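[1] Here is a sequence together with a model predicted from it:
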Amino acid sequence: MRFSTRNDLWPIASTDRGETIFLDAAADATRLVVNYDETWAERRMSFTEWLYRYLIGEDMTGPNSSALYPGPVKLQHLPMSVGERPELWYGPDRGM
């Protein structure tokens, strides 16, 4: 596998449980590849759909991998330059 070239896997997100989500740039359709503890899972869907299903507690990173966190989602902007610091914010309450 090659990473971060225009025809290969791009890391686009990670979770607080150690999962990393990659976009397969070479695929004809949207394909996500999820890595967790040396296990790989493939999902043929948009990142938006994957994220929604992950947040509602479906097994999106492999068998028996669901984790439902009630309440708002914690998000973080990562620094883009030396002088910036991570910025934390929360999404709306999900009513769960």
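    Happy to help now that I have it. Fair warning: this is a prediction, and the values are worked out from it, not measured in the lab. Numbering: from 1, shown residues only.
[2] Please name every helix or strand in contact with the worst-scoring helix or strand of the chain on mean pLDDT.
    Every helix and strand of the chain was ranked by mean pLDDT, DSSP states H and E. The lowest is strand 32-36, at a mean of 78. The contact analysis (3 or more CB pairs under 8 Å, 6 or more residues apart in numbering; DSSP states H and E) places strand 32-36 against strand 20-24, strand 39-43. The way it works is simple: take the backbone N, C-alpha and C, and place the C-beta from them, glycine included.
[3] Run the angle between the first one and strand 32-36 for me.
    In this case it means strand 20-24. 150 degrees (axes from the mean of the first three to the mean of the last three CA atoms, to 10 degrees).
[4] one step back: each with direction, which strands does the least confident helix or strand of the chain pair with?
    Each strand paired with strand 32-36, and its direction, by DSSP bridges: strand 20-24 (antiparallel), strand 39-43 (antiparallel).
[5] one step back: mind putting the helices and strands packed on strand 32-36 into TSV with mean pLDDT and mean neighbour count?
    Formatted as TSV, the helices and strands packed on strand 32-36 follow (pLDDT from 0 to 100; neighbours: other CB atoms under 10 Å):
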stretch	mean pLDDT	mean neighbour count
strand 20-24	84	19
strand 39-43	83	14
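[6] And the strands paired with strand 32-36: which comes nearest residue 32?
    Closest of these to residue 32 is strand 39-43, at 4.6 Å (criterion: CB to CB).
[7] picking up where we left off before, now render the strands paired with strand 32-36 as TSV, adding distance to residue 61.
    Shown next, in TSV, are the strands paired with strand 32-36 (distance: least, CB to CB, whole Å):
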stretch	distance to residue 61
strand 20-24	8
strand 39-43	6
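[8] closest to residue 78 out of these?
    strand 20-24 (13.9 Å).
[9] Could you check how far the closest one is from the centre of its chain?
    When distances are taken as CA atoms, centre = their mean, to the nearest Å, strand 20-24 is centred 7 Å away from the chain's centroid.
[10] Only C-alpha atoms, please: export it in CSV.
    Taking C-alpha atoms only, strand 20-24 is exported to CSV below (Å, rounded to 0.1, in the frame of the first residue of the first chain):
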residue,chain,number,x,y,z
THR,A,20,-7.8,6.0,11.1
ILE,A,21,-10.1,6.6,8.1
PHE,A,22,-8.5,6.7,4.7
LEU,A,23,-10.0,7.8,1.4
ASP,A,24,-9.0,5.6,-1.6
